[in-house]
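Undergrad: Okay, sequence plus prediction incoming.
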Amino acid sequence: MDIQQKYDIRDTFAKFANHEVTFVECFDAFFETLNMQISASSLQPIDFRQYYTETTESAPQYFEEICQNLQNTYFLGQITDSTLHRQSLNSNTENLRHRNYEGFVLFGVELKPPTENAHYNRTFLANITRCLNRISFFNPVIAFIRYGNYLTISACERTNYVREIHTATRGEKLGKVSMLRDIHLINPHRGHIDILQKLSFADCKTFNDVYDKWQRVFSTETLTESFYKEVFNWFMWAQNEDLDVYFPSDPKTEDDDSKDLEEKLIRLITRMIFVWFLKQKDNLIPSWIFDTDSLKGILKDFDPMSETNGDYYNAIIQNLFFATLNKPISERTFAEAGVANSQHFGIKTIFRDTTKPETDRIKISKDDFVKRFESVPFLIWRTV
């Protein structure tokens, strides 16, 4: 893999996040790093509501919700056989009504920045993708959806790859929406960059080559296989004796008194996977739990790169599993501090910090800390 290409993708997204380039300029540069020059596109946004109502006979129920959260929509251009060979193409939205699967149509969407406890979920992003596919009568759509410092790239399957015109909808039945979701523009995950790099057009000669390649890259089966392979490789790596990984049975001792390392690593992995899938499913787990900037405002000495500081695990993860997922929302509370024989002694399903204020890990008030978990449901989590 080309290391410079990864740096170029990161740099392009960072400039986009910092408003150093426009939406259109960002994706012109992004496709250039993937060895593609997309067709000419306007720098000006299009009127999504007007264009949608002009080109479709009825709007779905979710259309108004999309419009309320929409800031700008851009027609970024097309990927065709001509653009693959770097030939110019006069591309505009009128072409979408008269061409039949000659290429991908590229749309950019800017949404209102999400709030801390109201992140855009998968269903909402998928509905945007379906609306854009209804606008594009004869061409499959790739949508680039930005919200705050996050980006989602999505595409919608189309029945039999041939358009069937229906009187009511003027389009074919749309299938499953595949997406690469929540790419952080400032600090993208290495896995996201690896997937984006696989979208390179260097080995594509025709639009059909591009279509087949992007379908493979976005394939759920392929991504799932890759994910579990990486998890297994990490599990094997973490057992390496040279790493000196251990889970102490007695946290008060510095000696390695842990037992059954494999079992405890599996517990760690399964719990993290559980939380991650909850986060992906309509954001049942708030995004701040995975955001380093937010955590620095909550924990006193948070260092995401530390190999010795356990504040994140002790203050966030333990309170999430024991005091949040395992406790009804109305019953969540903090344990009394510094009282050995209090009513909360020995109860694990209570929010906890340290026993002494001078060693507390959490720097916001206890009430505010508990409130940050209000959106997390009670799931009767049983620890193993």
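TA: In hand now; what should we look at? Because the structure is predicted, anything quoted here is derived from the model rather than measured.
Undergrad: where's residue 178, which helix or strand?
TA: Assigned by DSSP states H and E, residue 178 belongs to strand 174-184.
Undergrad: Report the backbone C-alpha coordinates of that strand in PDB.
TA: What follows is the C-alpha trace of strand 174-184 in PDB, where atoms were taken according to Å, rounded to 0.1, in the frame of the first residue of the first chain:
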ATOM      1  CA  LEU A 174     -33.900   0.300  -4.100                       C
ATOM      2  CA  GLY A 175     -32.100  -2.300  -2.100                       C
ATOM      3  CA  LYS A 176     -29.800  -2.300   0.900                       C
ATOM      4  CA  VAL A 177     -27.700   0.700   1.600                       C
ATOM      5  CA  SER A 178     -24.000   0.000   2.200                       C
ATOM      6  CA  MET A 179     -21.900   2.700   4.000                       C
ATOM      7  CA  LEU A 180     -18.600   3.500   5.500                       C
ATOM      8  CA  ARG A 181     -19.900   5.400   8.500                       C
ATOM      9  CA  ASP A 182     -18.500   8.000  11.000                       C
ATOM     10  CA  ILE A 183     -15.100   8.700   9.400                       C
ATOM     11  CA  HIS A 184     -13.500  11.300  11.700                       C
END
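Undergrad: Counting neighbours, which bits of it end up buried?
TA: 174, 177, 178, 179, 180, 181, 182, 183, 184 (16 or more other Cβ atoms under 10 Å). All C-beta atoms are positioned from the backbone trio N, CA, C, and that covers glycine.
Undergrad: After it, which helix or strand is next? Please name it.
TA: Tracing the chain C-terminally past strand 174-184 and defining elements by DSSP H and E, one meets helix 190-197 next.
Undergrad: Show me which residues of that next one are buried.
TA: Buried positions in helix 190-197, judged by neighbour count with 16+ other Cβ under 10 Å: 192, 193, 195, 196, 197.
Undergrad: okay, now the domains of this protein?
TA: According to automatic domain parsing, the chain is divided into the following domains: 3-218, 260-371.
Undergrad: the helices in the chain, which residues?
TA: With DSSP state H as the definition, the chain shows helices at residue ranges 3-17, 23-33, 48-55, 63-69, 81-84, 122-135, 190-197, 207-217, 220-238, 261-280, 292-296, 311, 318, 366-371.
Undergrad: Among those, which comes closest to residue 111?
TA: Set against residue 111 and scored by Cβ to Cβ, the helices of the chain come closest in helix 63-69, at 5.2 Å.
Undergrad: what does that closest one rub up against?
TA: 48, 49, 52, 111, 112, 120, 124, 127, 128, 131 (Cβ atoms under 8 Å, 6 or more residues apart in numbering).
Undergrad: Phi and psi next, for residue 246.
TA: Torsion angles at residue 246 (phi, psi; degrees, to the nearest 10) stand at phi -150, psi 160.
Undergrad: same deal with residue 348?
TA: Its backbone dihedrals place residue 348 at phi -80, psi -20, with angles given as degrees, to the nearest 10.
Undergrad: Determine the number of other residues adjacent to it.
TA: Each residue near residue 348 was counted by other Cβ atoms under 10 Å, and the total is 14.
Undergrad: Run through the residues that contact it.
TA: 322, 323, 326.
Undergrad: go on, residue 23?
TA: Shown in contact with residue 23 (Cβ under 8 Å, 6+ apart): 16, 72, 74, 76, 108, 110, 146.
Undergrad: Name the nearest residue to the first one, ignoring sequence neighbours.
TA: Nearest residue to residue 16 in three dimensions, chain neighbours excluded: residue 26, at 4.0 Å (Cβ to Cβ, 6 or more residues apart in numbering).
Undergrad: That neighbour against residue 12, yeah?
TA: Yes. Contact criterion Cβ atoms under 8 Å: residue 26 and residue 12 qualify, at 6.0 Å.
Undergrad: Please check which residues sit opposite residue 156 as beta-bridge partners.
TA: The partner list for residue 156 in beta bridges (DSSP bridges) reads residue 177.
Undergrad: What's the local residue count around it?
TA: Residue 156 is surrounded by 22 other residues when neighbours are defined as other Cβ under 10 Å.
Undergrad: Residue 306 versus that one, what's the distance?
TA: Computed with Cβ to Cβ, to the nearest Å, the distance linking residue 156 and residue 306 is 42 Å.
Undergrad: Would you mark the buried spots in stretch 19-29?
TA: For stretch 19-29, a neighbour-count test (16+ other Cβ under 10 Å) marks 21, 23, 24, 26, 27, 28, 29 as buried.
Undergrad: between those, which is closest to residue 218?
TA: Nearest to residue 218 out of those is residue 27 (Cβ to Cβ; 17.2 Å).
Undergrad: Distance check, the closest residue to that closest one other than its chain neighbours against residue 105.
TA: If you skip the residues right next to it in sequence, residue 27 has residue 76 as its closest partner in space, 5.4 Å away by Cβ to Cβ, 6+ apart. As for residue 76, its distance to residue 105 is 9 Å (criterion: Cβ to Cβ).
Undergrad: Check residue 329 too.
TA: Residue 329 sits 44 Å away from residue 105, taking Cβ to Cβ as the criterion.
Undergrad: Name the residue in those two with the higher neighbour count.
TA: A count of neighbours by other Cβ under 10 Å puts residue 105 above the other of residue 329 and residue 105, at 28 against 13.
Undergrad: Now do the more buried one against residue 138, distance only.
TA: In this structure, residue 105 and residue 138 are 9 Å apart, going by Cβ to Cβ.
Undergrad: Likewise for residue 49?
TA: Spatial separation of residue 49 from residue 138 under the definition Cβ to Cβ is 22 Å.
Undergrad: Before I go, just wanted to say thanks for your time.
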